[in-house]
Structures are given as C-alpha cells and as structure tokens.
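Novice: Turn this into a structure:
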Amino acid sequence: MLVSTTIKESRRIIEAWRSEGLTIGFVPTMGYLHDGHKSLIERARLENDKVVVSIFVNPIQFGPNEDLTTYPRDLERDRQICEAAGVDLIFAPSVTEMYPEKNLVYIDALILGDRLCGAKREGHFRGVCTVVAKLFNIITPERAYFGEKDAQQLAIIEQMTKDLNFDVQIVPCPIVREPDGLAMSSRNTYLSTGERQAALILSKALSVAKNLINAGERNAKVIYQKIEEVIKTEALARIDYIEIVDAKLLQPVTIIDQPVLVAIAVFIGKTRLIDNFFLREVSSR
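Specialist: Reported below is the predicted structural model:
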C-alpha cells in the first residue's frame, strides 16, 4: 500500500495505473475510520482494480463553532485499517496542500442544501462540494463510494456529479450499525458511557417511524410527532431537526405518497448525531 501526501505524487501514481488500463474506486473520508468506512472500502475492492482512500479533515466544511480542532485524528491507525482492507493508495494531504491559498471559487448546492443539516450548518455543503470536486479532479476515479448515513451529502454529491458532468459513478452504500443499532460515526467517540446508551434513542425513534409507515400511516405530521415523542423520552437528547422530505430534492412532504427520506439530527450531550432511513417504495394503504 502506498501513502501519498501530495497531489503531484498521487497523480503520478494514478497515471501509471491508468497507463495499464486499471480502474479506480475512491472512498473519500475524514479519517478515524470505523466499520462503516471499511464497508465502503470492501465494496470498492470488489468493483475496481485499484482502491484509493483519501484522509482529510476538510476545514471549509466546518462552521466557526464546530469541532474542527477536536475532530478525532489517528493516521497510523487509519493506515493499518486501510492496509488490512486492501487499499492501494492513501491520499492524506495537509490543509496547505489542498488549499495553498484562500479559494476564490466554490461550489454550492442551492435548494438541496437549504434544509436538514444545511439549514443548521451554514456553508457546510459548499465546503463539502468544493472538496469533493477537488478530490474527483485529483483521483479521477471510475467510481466513488458514499455512505447513506450522510443522506443529504449523498444526494448533493449525486446531483453535483450530474450537473457538472464528472465522469464518475456515485455508489451509495447502506448505513452500518453497531449491534445495538447505533449508526457508526467517528463522532461516537465523543460520547460518555451514559451518552452512548442514550444515543440509541435515534435508531429507536426511526424504527418506530418505519413501523408506522409500514403499517400504512401516510401523514407526515403524524410520523414527525411520533419521532419527536420517542426522542423526548430520553433526558440527554435534544432535537436539532426532524425532517420528512422527498428523496430527490429533499423538500418537505405532507403526505408520504412518493419515495422519502426520514432524517433526524439529535444532540446527545454536546455531541450532534445524525441518522435516517430511505423509503424507496411506497405502497398504497
């Protein structure tokens, strides 16, 4: 496995692979890898000749009061995980390598970024789109792998890829959960023992909502209220948002008569966690 910290060297490695006719799968990450990331790497390993993982905590997607300085980092640990998973190249640039000077041009998400996390984290998706576009231009993969836990990010990257004619296939991958149901996240490391137990309220609330929909409930307000009711039973939980939106443009729905995303963000203590599920097929009552 190779590890590169510069754009020039990474491009040289990738150009050599290209000259051999090899295909490239790409998994962009912010590091501190867990089994969710490993599932993306394993999918990429199955579908491509070479696998590239980027490890870069992107400063322009963090707001001024967010956890940029405390975000967990452990490159040696990540290197071992990648090597065991069969990664061919880690691209681990510094901030100055990716942003040698302040960007004057950014990519924004408009309507897709207006709600959910975008409404709560001003400028977040502008930072995400800009760094992913840069990474696509550096790595030039055939396929790029994104987890469905960051559902809004996935929808925005899919639309950006289409609108800006990136020659890359976006491959969505299912949420990976702990045995007790908690969605895997690097931020889970922030949780105390008590908070870790309290965090199960997210998957519990979504499970109740999914069961209601499967039983025939189609009124989005009823689903919203049930999610809110369940979350409020946990004293350590504070709701950031509950959203039921259409699966394409991420706009609110009142009646669930089309594919939807049910997404929540909840603070457990000081840690903000997200979770969701897609309803891709809607049967009549």
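
Novice: How far away from the center of its chain is the helix or strand containing Arg126?
Specialist: Counting by DSSP states H and E, the element that carries Arg126 is helix 124-139. Counting by Cα atoms, centre = their mean, to the nearest Å, helix 124-139 is centred 13 Å from the centre of its parent chain.

Novice: cool, and stretch 175-193?
Specialist: The answer for stretch 175-193 is 14 Å, by Cα atoms, centre = their mean.

Novice: could you point out where this structure is predicted with low confidence?
Specialist: The model of the chain has pLDDT under 70 over residues 283-285.

Novice: after the helix holding Arg126 comes which helix or strand?
Specialist: Counting by DSSP H and E, the next helix or strand C-terminal to helix 124-139 is strand 143-147.

Novice: partner strands of that next one, parallel or antiparallel?
Specialist: strand 24-29 (parallel), strand 169-173 (parallel) (DSSP bridges).

Novice: Which positions within stretch 178-197 qualify as buried?
Specialist: 178, 182-188, 190-191, 195-196 (16 or more other Cβ atoms under 10 Å). Heads up, the C-betas are built off the backbone N, CA and C, glycines and all.

Novice: now, which of these sits nearest Phe26?
Specialist: Nearest to Phe26, judged by Cβ to Cβ, of those is Ser186 at 18.8 Å.

Novice: shouldn't the closest one be in contact with Asp35?
Specialist: No - using Cβ atoms under 8 Å, Ser186 makes no contact with Asp35, being 11.5 Å away.

Novice: show me where the stretch 51-200 of the chain has helices.
Specialist: 75-85, 95-98, 117-120, 124-139, 151-163, 193-198, 200-214 (DSSP state H, counting those that start in this stretch).

Novice: now these as JSON lines including distance to Ile55?
Specialist: What follows is the helices of the stretch 51-200 of the chain, written out as JSON lines (distance: least, Cβ to Cβ, whole Å):
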{"stretch": "helix 75-85", "distance to Ile55": "6"}
{"stretch": "helix 95-98", "distance to Ile55": "12"}
{"stretch": "helix 117-120", "distance to Ile55": "22"}
{"stretch": "helix 124-139", "distance to Ile55": "11"}
{"stretch": "helix 151-163", "distance to Ile55": "17"}
{"stretch": "helix 193-198", "distance to Ile55": "25"}
{"stretch": "helix 200-214", "distance to Ile55": "26"}
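
Novice: which one among the buried residues of stretch 178-197 gets closest to Ile268?
Specialist: The closest of these to Ile268 turns out to be Glu195 (Cβ to Cβ; 4.9 Å).

Novice: on that earlier part again, quick check: buried residues in the helix holding Arg126?
Specialist: Residues of helix 124-139 classed as buried by neighbour count (16+ other Cβ under 10 Å): 124-136, 138-139.
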